[in-house]
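Visitor: Got a sequence here, can you build the structure:
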Amino acid sequence: MPGLVIRNLSPELHRKLEERARRHHRSMAEEAVAILEQALEGGEGVKEAPPPYRGRFTLTQEFLDRARREGRE
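Guide: Numbering: from 1, shown residues only. Okay, here's the model as predicted:
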């Protein structure tokens, strides 16, 4: 079975993982796997892109060129 080594955990992150594993009656490795599974298998779901911005006016190439000439990029 494939494995994973996680290096350079901050002491704070290590402590949080250890506490969470203890609460769930798991080893730290089992807790890390559970967290990864939740995150990668739909824990948050796929977020859709927001709809395009609809301002008060249409951004045209002419408007953008004029703004650049005036120093507003």
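
Visitor: May I have the secondary structure class of residue 49?
Guide: Following DSSP: H, G, I helix; E, B strand; the rest coil, we place residue 49 in the coil state.

Visitor: Give me the distance between residue 50 and residue 58.
Guide: As for residue 50, its distance to residue 58 is 19 Å (criterion: Cβ to Cβ, to the nearest Å). Where C-beta positions appear, they are placed from N, C-alpha and C, glycine not excepted.

Visitor: Please apply the same query to residue 36.
Guide: Look at residue 36 and residue 58: by Cβ to Cβ, they are 45 Å apart.

Visitor: where does the chain dip in pLDDT?
Guide: The chain contains residues with pLDDT under 70 at 42-48, 72-73.

Visitor: can you give me the helices for it?
Guide: For the chain, the helices defined by DSSP state H cover 11-23, 28-40, 61-69.

Visitor: what separates the last one from the chain centre, distance-wise?
Guide: By that I understand helix 61-69. Its chain's average C-alpha position is 35 Å from that of helix 61-69, according to Cα atoms, centre = their mean, to the nearest Å.
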